[in-house]
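S.K.: My questions concern the predicted model and sequence given below.
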Amino acid sequence: MIIRTRKAMSKFNHVVSQKFNNLPSLLPSMFAKQPAIDEEIVRFFFSRYQLVVANDEKDKDVSFKTRHKVYCEEMKFEQTRASSLEVDKYDDRAVNCYIKHLPTGECAGTIRLVLPQHGSGALPLEDKFSDAFSCSSLLPSNLVSDGVCEISRLAVPREFRVRQFKTKVLPSEKLAKVKQSKNLKFNIEQLPYLSIALYLMATSVCLHLNMSHAYVLMEPKLARRMKAFGIHFNEVGEAISFKGQRVPYRLSPTTMVSELSNTLKRFQQEVHQSIQPSLNKLSVDAITSNANVSFVETPEARVSVAA
């Protein structure tokens, strides 16, 4: 009996010894760090899309053509134009940005940042809807004009609006685990990554040009949706009827970046880093110098006339 017990113990010790000897090789696989959600979002987005700051006329026309497709052809907000370019008088002092879909080369969305004009820097929002502001002190013209801008002309073509909500940002197996976790405050399946990327691009331009406040006229439901991701738009006026219900909002670029949800902070950093070389070519003086050219618009084309 004692002999059998000793043999069993010897065998047990041998098995345990083998397990411990193999432990160093097993540890990496046991404790391998799974890619975090923020890394997955970055990997997903930048494997499919490229961010472009329109520093030349060719890239600007990509934005203008996309705006025409969305605002004039799809939404019927504006009259169609023979040039197929949706342009207005504010584009002479604006920075346009867009997202390029790498597999097709198509524009997946665009946005612009209108800068104040020296001397008479009324922004589009104040030009058209000054009565909508709840207090005159909130008007852009009553702030330090050099640090105030307006984000507008967000446009995502229909096929990419649909694609955005049909494409899974995370692989199925990771998505299942995320659903079981309560750490994520928003639905990763309904991540409007194109709209978020466009607003983050605009914010990066704001930061680069030292803009302290950015105004936006937008649908309340979009503002609520962005808030879920830490992009806070603060109401500065009443709802107005303009191509649907719209509300004037204001945001602080520095505050927005600091309050961004942890899941998207890495994404914001990658967005900023991606467009940094293009941002280095931008300056407020260079952009607003074009504002000395007056704009005449016809149904057929756009014409710039020296003032």
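M.R.: Right, received. Where do you want to start?

S.K.: Could you use CA atoms for every contact and neighbour count after this?
M.R.: OK.

S.K.: Quick one: low-confidence residue ranges for the stretch 51-200 of the chain.
M.R.: Flagging of the stretch 51-200 of the chain using pLDDT under 70 yields the residue ranges 118-121, 137, 144-145, 173, 175, 178-187, 189.

S.K.: all helices of it, in order?
M.R.: Along the stretch 51-200 of the chain, the stretches classed as helices by DSSP state H, counting those that start in this stretch are 57-67, 124-129, 158-166, 172-180, 193-208.

S.K.: Of these, which is nearest T80?
M.R.: Closest approach to T80 among the helices of the stretch 51-200 of the chain is made by helix 57-67 (10.7 Å; Cα to Cα).

S.K.: Touching the closest one from outside, list them.
M.R.: Identification of contacts with helix 57-67 by Cα atoms under 8 Å, 6 or more residues apart in numbering yields 52-54, 84-87, 96-98, 107, 109-111, 153, 155-157.

S.K.: can you put the helices of the stretch 51-200 of the chain in JSON lines and add mean neighbour count and distance to M75?
M.R.: Converted to JSON lines, the helices of the stretch 51-200 of the chain look like this (neighbours: other Cα atoms under 10 Å; distance: least, Cα to Cα, whole Å):
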{"stretch": "helix 57-67", "mean neighbour count": "20", "distance to M75": "10"}
{"stretch": "helix 124-129", "mean neighbour count": "16", "distance to M75": "20"}
{"stretch": "helix 158-166", "mean neighbour count": "14", "distance to M75": "10"}
{"stretch": "helix 172-180", "mean neighbour count": "12", "distance to M75": "33"}
{"stretch": "helix 193-208", "mean neighbour count": "22", "distance to M75": "17"}
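
S.K.: what's the closest of these to E74?
M.R.: Nearest of the helices of the stretch 51-200 of the chain to E74, taken as Cα to Cα: helix 158-166 at 7.6 Å.

S.K.: tell me the centre residue of the chain?
M.R.: For the chain, the residue sitting closest to the mean C-alpha position, by Cα atoms, centre = their mean, is A197 at 2.3 Å.

S.K.: Surely Y193 is in contact with F165?
M.R.: No: shown here, Y193 and F165 do not form a contact pair, counting by Cα atoms under 8 Å, at 9.1 Å.

S.K.: Strands along the stretch 101-250 of the chain, start to end?
M.R.: Along the stretch 101-250 of the chain, the stretches classed as strands by DSSP state E, counting those that start in this stretch are 107-114, 148-155, 213-218, 234-235, 240-241, 245-251.

S.K.: Those: which one's closest to D131?
M.R.: From the strands of the stretch 101-250 of the chain, taking Cα to Cα, the stretch that ends up closest is strand 240-241, at 9.7 Å.

S.K.: mind checking how far the closest one is from the chain centre?
M.R.: Relative to the centre of its chain, strand 240-241 is centred 25 Å away, using Cα atoms, centre = their mean, to the nearest Å.

S.K.: Also stretch 219-234?
M.R.: Worked out by Cα atoms, centre = their mean, stretch 219-234 lies 12 Å from the chain centre.
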